[in-house]
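Engineer: missing the sequence, but the structure's below:
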């Protein structure tokens, strides 16, 4: 497979996965802004996807509708949905003959959905959840179509590596920001609504209720999001899948490149696998997450060098 | 006459060959069945079909991008739902004519880049050839596989008021539009179920298979599985959709210049497992941009060193480099002479009379009759830089004349040929619009094959004679009957 094609597959799914994460986060946060007893703040969300920018915070003024428009439709925001889908589509366009026609049409529809002139008015004047749901639905269609139609080859492996790498980075970022806020405001630690929203925005609330019977506690939330192997958005689940799809590239790889990255993935996998809620507490969550993030980025860089011919 | 509303208004244009009507009242035999089918459909239904066609093009991403103020706007190539129909006997004639013409043009290219007998025998003047910017000295004495230069030709044909076929242009470099021939047919299948088999329409689906077979035969390495690639300028090229379609249909790799590298006069592509040698390149990048070491040094679309690999015979390039000398508009007028010279045959397809403005007497004649002339640049394309004498005003003509006098070699003039007209479905009614025809001829070691069909372009503006997509043209499905 051409290096450029492999890179496009990888970035295509990173962008799609990121847009998925953003949309779900928006939906839950909007929802919680509606029943916030205390002052609700969009600040963590903006911090995850746009970094710390005081100027931006002032302009958006914690207004739900402006934040939604900024995150969905603002071209000056590199992580806005419109920019994500445009980039995803450009990557898909350059590998059009490698993806199925169904998948291409799916992406195209998603793109036209975001470009639809009616979207912004709906976000601003109507129920934004309906608008966000139509977009989330497009992504689910995309994942379903990819699952059903894509050939089980190298291309799909690169797609899935990109998808799970992006997903694990998002989970790590989310935890880091949410637990970071606790340091500034210790009251949050016992605020069950706070943790409930965190679980909901990553889609783990129901699983949490089934797994932990004694109410919502920060420590258990952290455990679920990092260490639960059955939770499809946990860090360990994603890293296991990076490992799984990377192994499939073995026969089509240059052996020394393969070993190099396989070593990095294996090491990260073991590091998380052989951690427990207790050991993470001892190291310090922030330090632990920073290490994981560093390793995930290193894997991305190595893929770039060894497979995508960009050294 | 049929009574449906959408047929009542059709008025064939006087003095123009109409593909559907033999005179103002009777429909030609080969259009009978289609018209019968259409007359049973309500206007409402036809509007729905038109809408369906537009949606199919859009969701399948069959679009071209127009760049305006930094933002790409995607447009669909307008599609008219009424097919253009060509009878078996018309097609036989066209097929023979194109084969003859293409055979001569291939011989001409071989000759002009080797012994140049045609110049020595005084058939084509030496200055016309050497002043052509597409005549590449880099190709002199380069042998190409099987002596084929033009592997793919999209020769544009038009019909005069008597229905005779004329060649308007020989597109021998990187002719485009074939994906529309294929896609238009697919759309027609959806729009008019069962109509194609009822009418005995010949299939066009063989095109990618034949092209692939020809590309395979060109591989310089005698191996069972040579690497064939389609070289595209990338996703921002307006024909990118076509590049992906062809790559997909042939199952070959679509590459960009940055995917290729030349080492020791061999071409390789960068893959996830390392470098892989490339044997055949079907390029959709113009000569000028192919190799920055030899041609335009600022080009990033090509591959440094490609020309040296080509000269060594380590890679086959389709179409050959330097073909522009054969489809230059100043050399066009010598094609009938070439056919006589190389093949000792009378040309079947006519040439449009062409005046060379570098000759003083022909230039004076053109200036005197400019209202009935079309003046074109010899190396222009896409309908840009043309002067349509009958439609231009005094000032435009004066300006254009000045332009011509600066460099007369770059201009030719042709009498305005009134293109034939075919029925189009416009605003709920059938209306005549002018059309041309571009069949795609494929030339391989086994000979020339032409898929029965082609691209019919149509000038959608009433009365317009310009069919180029950049100038408000559209296209139609093209049926060749068995």
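Structural biologist: All right, it came through fine. Values in this document were obtained by computation on a predicted structure and should not be read as measured data.

Engineer: what residues does the stretch 351-482 of chain B put near chain A?
Structural biologist: Contacts of the stretch 351-482 of chain B with chain A, taken as C-beta under 8 Å from any C-beta of the partner chain, are absent. In short, each C-beta sits where N, CA and C put it, glycine included.

Engineer: low-confidence ranges in the stretch 351-482 of chain B?
Structural biologist: Scanning the stretch 351-482 of chain B with the threshold set as pLDDT under 70 gives B:380-384, B:470.

Engineer: now the helices for it?
Structural biologist: B:360-368, B:394-406 (DSSP state H, counting those that start in this stretch).

Engineer: can you pull the buried residues of the first one?
Structural biologist: Looking back up the chat, that one is helix B:360-368. B:362-363, B:366-367 (16 or more other C-beta atoms under 10 Å in any protein chain shown).

Engineer: so chain B: which segments form each domain?
Structural biologist: B:221-314, B:353-415 (automatic domain parsing).

Engineer: what's the end-to-end length of the first one?
Structural biologist: Its first and final residues considered, domain B:221-314 spans 8 Å by C-alpha to C-alpha, to the nearest Å.

Engineer: same check, this time on stretch B:274-284
Structural biologist: End-to-end distance for stretch B:274-284: 25 Å, by C-alpha to C-alpha.

Engineer: which helix is the longest one in chain B?
Structural biologist: helix B:88-112 (DSSP state H).

Engineer: who does it touch, helix- and strand-wise?
Structural biologist: Judged by 3 or more C-beta pairs under 8 Å, 6 or more residues apart in numbering or on different chains; DSSP states H and E, the packing partners of helix B:88-112 are helix B:117-120, strand B:152-159, strand B:165-171, helix B:335-338, strand B:440-444, strand B:447-450.

Engineer: run the last query once more with 6 Å
Structural biologist: With contacts defined as 3 or more C-beta pairs under 6 Å, 6 or more residues apart in numbering or on different chains; DSSP states H and E, the packing partners of helix B:88-112 are strand B:447-450.

Engineer: contacting residues for residue 163?
Structural biologist: Picking chain A for this. A:13, A:17 (C-beta atoms under 6 Å, 6 or more residues apart in numbering or on different chains).

Engineer: to clarify, I was referring to chain B.
Structural biologist: Contacts of residue B:163 by C-beta under 6 Å, 6+ apart are residue B:17.

Engineer: mind doing that once more with 10 Å?
Structural biologist: Residue B:163 makes contacts with B:17-19, B:22, B:90, B:420, as judged by C-beta atoms under 10 Å, 6 or more residues apart in numbering or on different chains.

Engineer: scan those and report the most crowded one.
Structural biologist: Within the contacts of residue B:163, residue B:420 tops the neighbour count with 25 neighbours, counted by other C-beta atoms under 10 Å in any protein chain shown.

Engineer: does that one touch residue B:90 like I think?
Structural biologist: No. Counting by C-beta atoms under 10 Å, residue B:420 stays clear of residue B:90, with 11.3 Å between them.

Engineer: what does the stretch 101-250 of chain B have sitting close to chain A?
Structural biologist: When proximity is defined as C-beta under 10 Å from any C-beta of the partner chain, the stretch 101-250 of chain B approaches chain A at B:229-230, B:232, B:234-236, B:240-241, B:243-250.

Engineer: show the buried residues in those residues.
Structural biologist: B:229-230, B:232, B:234-235, B:240-241, B:243-250.

Engineer: could you list the low-pLDDT ranges of the stretch 101-250 of chain B?
Structural biologist: For the stretch 101-250 of chain B, no stretch is flagged by pLDDT under 70.

Engineer: picking that back up, identify the contacts common to residue B:420 and residue B:90.
Structural biologist: What both residue B:420 and residue B:90 touch, as defined by C-beta under 10 Å, 6+ apart, is the set B:19, B:159, B:163, B:165, B:437.

Engineer: which non-adjacent residue is nearest the first one?
Structural biologist: In this case it means residue B:19. Excluding its sequence neighbours, the residue lying closest to residue B:19 (C-beta to C-beta, 6 or more residues apart in numbering or on different chains) is residue B:422, at 4.1 Å.

Engineer: show me what the helix or strand hosting residue A:107 is packed against.
Structural biologist: Counting by DSSP states H and E, the element that carries residue A:107 is helix A:101-115. Here helix A:101-115 touches helix A:3-34, helix A:64-73, helix A:81-93, helix A:128-149, helix B:43-59, strand B:71-75, going by 3 or more C-beta pairs under 10 Å, 6 or more residues apart in numbering or on different chains; DSSP states H and E.

Engineer: at 8 Å instead, please
Structural biologist: With contacts taken as 3+ C-beta pairs under 8 Å, 6+ apart, helix A:101-115 sits against helix A:81-93, helix A:128-149, helix B:43-59.
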